[in-house]
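In: Show me how the following folds:
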Amino acid sequence: MAGRLMVALDYPGADEAQKLVQALEGIPCYLKVGMQLFYAAGPDFIRELKARGYSVFLDVKMHDIPNTVRGGAESITRLGVDMFNVHAAGGASMMRAAREGAEAALATDSSLKRPEIIAVTQLTSTSLETMNNEIGIPGSVEQAVVRYAGLAHEAGLDGVVASPLEVPAIRAACGSDFRTVTPGIRPAGSGLGDQTRVLTPGEAISRGSHYIVVGRPITGAPNPREAAETILKEMLNV
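Out: Coordinates of the predicted model:
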């Protein structure tokens, strides 16, 4: 179950992130490196995490023209990450280009492992009002998420990032093997922060999430290791 817990290393630099990694030593969780840390610490930090045996999700949400995303995906695959993502809003051609970029890297280096490529549907901070009135997408959030998930599935990607609230609908539309990575996880008693569509760790697992992403409830806890272990217990007791 620890391999289904993704701990978000939401820090401004490598030194702060390393302190959390050391605190979690021995817990075989996934580590998620987002834009802030990756832009500060760079590819060498990813290589260091891989050398220590961690599975790494590089969360940089690529969204650009297909050729640019193809090149980005090739470079990311060469880093040896286990998962990376793109924005589903970039369209099917862009998502296929991400897959092609990964395949190009694998074709030139047989030692590389194929990363899982997932698409961001709607951010868990996005409310219905924001989606309808600001982004300009009509309908319910779930309808938009399932539509993007279907597009990602057709493009040959491995799964999507979505709220745990939408996981049952995604599984119904795309099958149970289609990966669901779910941020917006808040243990009972935690503040919502800037999230609007959230569930507890146990609720997310019971709904079928393949992976849950947890940041501030662990990184901001007085004892991060204890917080992670408490979340794992809740994940196991569903």
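
In: for the chain, what's the longest strand?
Out: Secondary structure of the chain per DSSP state E: the longest strand is strand 55-62.

In: what's downstream of that one, the next helix or strand?
Out: Per DSSP states H and E, the first helix or strand lying C-terminal to strand 55-62 is helix 66-79.

In: could you point out which element follows that next one?
Out: Downstream of helix 66-79, the first helix or strand assigned by DSSP H and E is strand 83-87.

In: name the element the spatially most central residue of the chain belongs to?
Out: In the chain, the C-alpha nearest the mean C-alpha coordinate belongs to Val181, at 5.3 Å (CA atoms, centre = their mean). Using DSSP H and E, Val181 falls within strand 179-182.

In: If you count contacts, what does that strand end up packed against?
Out: Packed against strand 179-182 by the contact rule (3 or more CB pairs under 8 Å, 6 or more residues apart in numbering; DSSP states H and E) you find strand 116-120, strand 159-161, helix 167-174, strand 211-214. All C-beta atoms are positioned from the backbone trio N, CA, C, and that covers glycine.

In: wait, what's in contact with Arg179?
Out: The contact partners of Arg179, taken as CB atoms under 8 Å, 6 or more residues apart in numbering, are Glu116, Ile118, Asp158, Gly159, Val160, His210, Tyr211.

In: my guess is Lys32 is in a strand, correct?
Out: Yes. Counting by DSSP: H, G, I helix; E, B strand; the rest coil, one finds Lys32 located in a strand.

In: What distance do you get for it to Ser127?
Out: Computed as CB to CB, to the nearest Å, the Lys32 to Ser127 distance reads 23 Å.

In: Ok, Phe38 next?
Out: Applying CB to CB to Phe38 and Ser127 gives a distance of 27 Å.

In: ok, now His210?
Out: On the measure of CB to CB, His210 and Ser127 end up 25 Å apart.

In: who has more neighbours, the two?
Out: Higher neighbour count among His210 and Ser127: His210, with 20 against 14, using other CB atoms under 10 Å.

In: ok, the more buried one touching Val161?
Out: No. In this structure His210 lies outside contact range of Val161 using CB atoms under 8 Å: 11.0 Å.

In: Contacts for the longest helix belonging to the chain, please.
Out: Counting residues, the longest helix found in the chain (DSSP state H) is helix 92-108. If you take CB under 8 Å, 6+ apart as the criterion, helix 92-108 is touched by 62-67, 69-78, 86, 88, 112, 114-115, 117, 119, 151-152, 154-157.
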